[in-house]
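[1] The following comprises the amino acid sequence and a computationally predicted model.
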Amino acid sequence: MIGGKDAGSDIGRPGKNFGQGKNSWLTGTAAWNMVAISQYILGVQADFDGLRIDPSIPSAWDGLKATRQFRNATYDIKVSNPSHVCKGVKSVTVDGNAIEGNLIPAFSDGKTHSVEVVMG
Amino acid sequence: MKFGYFDDANREYVITTPRTPYPWINYLGTQGFFSLISNTAGGYSFYKDARLRRITRYRYNNVPIDMGGRYFYINDSGTIWNPGWSPVKTELDEYECRHGMGYTIIKGKKNDLKAQVTFFVPQDYDGEVQQVVLTNEGSTEKSFSLFSFAEWCLWDAQDDSNNFQRNFSTGRVEVDGSVIYHKTEYRDRRDHYAFYSVNDTIDGYDTDRDSFIGLYNGFGDPQAVLANKASDSFADGWAPIASHYKKITLAPGESKTLVFVLGYVEMPADQKFEADGKTINKVKAKAMIAKYDTPEKFADGMKELKSYWDKLLGILSVDTPDDKVNRMVNIWNQYQCMVTFNLSRSASYFESGIGRGMGFRDSNQDVLGFVHQIPDRAKERIIDIASTQFPDGGCYHQYQPLTKKGNADIGGDFSDDPLWLILSVSAYIKETGDWSILDEMVPYDNDMSVAQTMLEHLKVSFYHIVNNLGPHGLPLAMRADWNDCINLSCFSDTPGESFQTYTNPKFAAEGGYSKTAESVMVAALFTYTGPNYVAILKHLGKDDEAAAAQAEIDKMKKNMMESAWDGDWWLRAYDANGEKMGSKECEEGQIFIEPQGFAIMSEVGKDQGAEIKALKAIDERLNTKYGLVLNNPAFSKYYIQYGEISTYPGGYKENAGIFTHNNAWIICAAAYAGQGDLAFKYYSEIAPAFTEETSDIHKTEP
């Protein structure tokens, strides 16, 4: 827990202890922030039928790279954001071949696969 | 203001002053043996269970703070100091603490004598290994004494801190060469002992605390260190400790390296003693000591630890335009996920390790951040948790990690608990593609004779919500949901009644809790979680069951739109009087964070603009520069119908404090809704790599 903007209001000094931590960054914080940044913002999501790439990033970003080991294969992921959008996948190629949608199959072949994602 | 810096190449946080705004701690160990260690070497160790198998003693909420730990004292011609500054607190000429992945290095220097102490818990090893390197950096010969110190806990940390009429008479030790053994109750009912060793001859020892420290002295001025001499005391009751005493002389530039092991050993009943039937069998302890009895073996152990983390952190790594994001994702957040998975917040500097075991909802959520690292351990944990469930889908709120049994003191009836199991099982399958977890036979209440498949556990979890709806068709709030401090069946006016376990007798006729109070948060969590259950059923070809489950989700969404939408955001609950909680009609507590994110990610009312309106309300009413507060406006008086939440002064805890846990739900929701800029803003308000700059305000470790 971190003191909120009202912390101190009880003694007539609201904001006195605003921002003061009283616990470590553990609790469900660790897991949910890992989910938030890696799956929801950076958009690398394990799904029932494969690895889904669906970033929702700051529009100022040109893109990002990620390496993910997933079900006995390695995915080298390169996301580019030429139109500077926050979200939206325009095209995906896997090992140079365009695929429909943004769900990359689970290859499970022990090999490294190159995934290129263009947002827009 | 900062008190250190991130060293990304070494994956360390480097603390440059012992006077941090609060003790900044690290966690050592990943399997059975765990240690908490602060930047001044305070803290304690335990085996699996911080309450039932505490190895060293620690005093929470002490004056001064953070007293007790593994201390090395140096008496250098009358100048007495610790490499980590505390507890003697002699000003050091140099100080540095490096908290790394599963190890901590503390360096101190005084009067040309340098001491570097490295602490770590090796893989597959039930002990903390400590290497002390002493170097004479001066130009003249130095003779000084080194004292080690650890204070034994009499195993059960709760009993240890109150049953003094017994405990002052039971403490027992053995000393064998340079090894001090702690064997309280080993003769009788225990199959375990602990030891503290050093890989060299010693010039004396102490095993009785009062002999070492002195009855009226403290950790900062132990009389043996002041006298520069151990008394070879032998504990017989009172407070057993372990302290080695070693005289050392170093030529200019010369170094001396010592390796200490603080270990834990379990022995089979027929092998507990040597032939005399009294002396403890030390075979296992000696093997543990031999494993790290040279600096080379110590270095190998550290290398192994590093490659373990290289491998774990190699599973996911990112390269984004923001170094702080890379630092969080590639190093610290993943490390935290491992720590949380292991300890499940049962022990920290804010959880005493005796107050609680592992939580049903907590450990299921921990799996979400950990499952990609070691899926097999996640699977084992999920099965352990599910084993404490009841046949109707309800479950114990907590269980003890040592026994893996549900904790009857806390009981059940927390309305959100079952849903987290659906989420963790889904995360495991998504990560691994291993659908066989659904076929595992998992007991109810640890009774294997009534075991059912995991799939059946998911079914009873899902229908536990469906079968416990209130007047608006929303899930009953029961004792509490995720927010343990919203207790709508409590109505407590007497001190000592636990808000989490006490329900007002007026609800006895209704089955123990109000059948009117409903949780919108659980409704939203249900619509967020439920589709995973539906997808699982479809995958298994159970289309009828899938359709039936989907119909329940659709019905819940409809009920939410009819009764839980407040116009600009989602209500929090209906209380036991049937009144709205978290509505603009309320005087205080008009908006709450918890239901909003899951409702947005479930797309409830999206076509009617609910998503955009709720995100706007959150930004306007809950956001601050240090994160999103839980509710607003804060409660300024006690609302008996709401329970614990309104007992806190405004701005603290669940009464408008900031919970980085539920902030993440809004980050997810904003990202889900396509508002990446907003999601990132909320993330950067709370993530430690970003808040490091305000460590003086934040106080706790980055």
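    Right, received. Where do you want to start?

[2] can you list contacts of the helix or strand containing residue B:166?
    Using DSSP states H and E, residue B:166 falls within helix B:164-170. Residues outside helix B:164-170 that contact it (CB atoms under 8 Å, 6 or more residues apart in numbering or on different chains): B:154, B:159-160, B:184-185, B:237-239. (Each C-beta comes from the backbone N, C-alpha and C, glycine too.)

[3] can you give me the strands in chain A?
    A:44-47, A:50-53, A:63-69, A:74-80, A:89-94, A:97-99, A:103-104, A:112-119 (DSSP state E).

[4] if I look at the closest residue to residue B:543 other than its chain neighbours, how far off is chain A?
    Excluding its sequence neighbours, the residue lying closest to residue B:543 (CB to CB, 6 or more residues apart in numbering or on different chains) is residue B:537, at 7.6 Å. Separation of residue B:537 from chain A (CB to the nearest CB, to the nearest Å): 12 Å.

[5] Kindly report the same for residue B:358.
    Residue B:358 sits at a distance of 13 Å from chain A (criterion: CB to the nearest CB).

[6] next one: residue B:89
    24 Å.

[7] What sits closest to residue B:513 if chain neighbours are left out?
    Computed as CB to CB, 6+ apart, the closest residue to residue B:513 that is not its neighbour in sequence is residue B:489, at 3.9 Å.

[8] Could you report the pLDDT at residue 118?
    Went with chain A since none was named. You'll see residue A:118 listed with a pLDDT of 98.

[9] That was the other one, I meant chain B.
    98.

[10] Give the full set of residues in contact with the residue in the stretch 151-300 of chain B positioned nearest to chain A.
    Relative to chain A, the nearest point of the stretch 151-300 of chain B is residue B:157 (19.1 Å; CB to the nearest CB). Neighbouring residues of residue B:157 by CB under 8 Å, 6+ apart: B:46, B:50-52, B:54, B:352-354.

[11] how's chain A carved up into domains?
    A:1-41, A:49-120 (automatic domain parsing).

[12] and these as a markdown table, adding distance to chain B and mean neighbour count?
    Below are the domains of chain A laid out as a markdown table (distance: least, CB to the nearest CB, whole Å; neighbours: other CB atoms under 10 Å in any protein chain shown):
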| stretch | distance to chain B | mean neighbour count |
| --- | --- | --- |
| domain A:1-41 | 3 | 23 |
| domain A:49-120 | 3 | 17 |
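
[13] Pick out the shakiest of these, pLDDT-wise.
    domain A:1-41 - the lowest mean pLDDT of these, at a mean of 92.

[14] From start to finish, how long is that one in a straight line?
    23 Å (CA to CA, to the nearest Å).

[15] Return the distance of it from the chain's centre.
    21 Å (CA atoms, centre = their mean, to the nearest Å).

[16] Chain A contacts on the stretch 451-600 of chain B?
    B:535-536, B:539 (CB under 8 Å from any CB of the partner chain).

[17] Could you identify the buried members of these?
    B:535-536 (16 or more other CB atoms under 10 Å in any protein chain shown).
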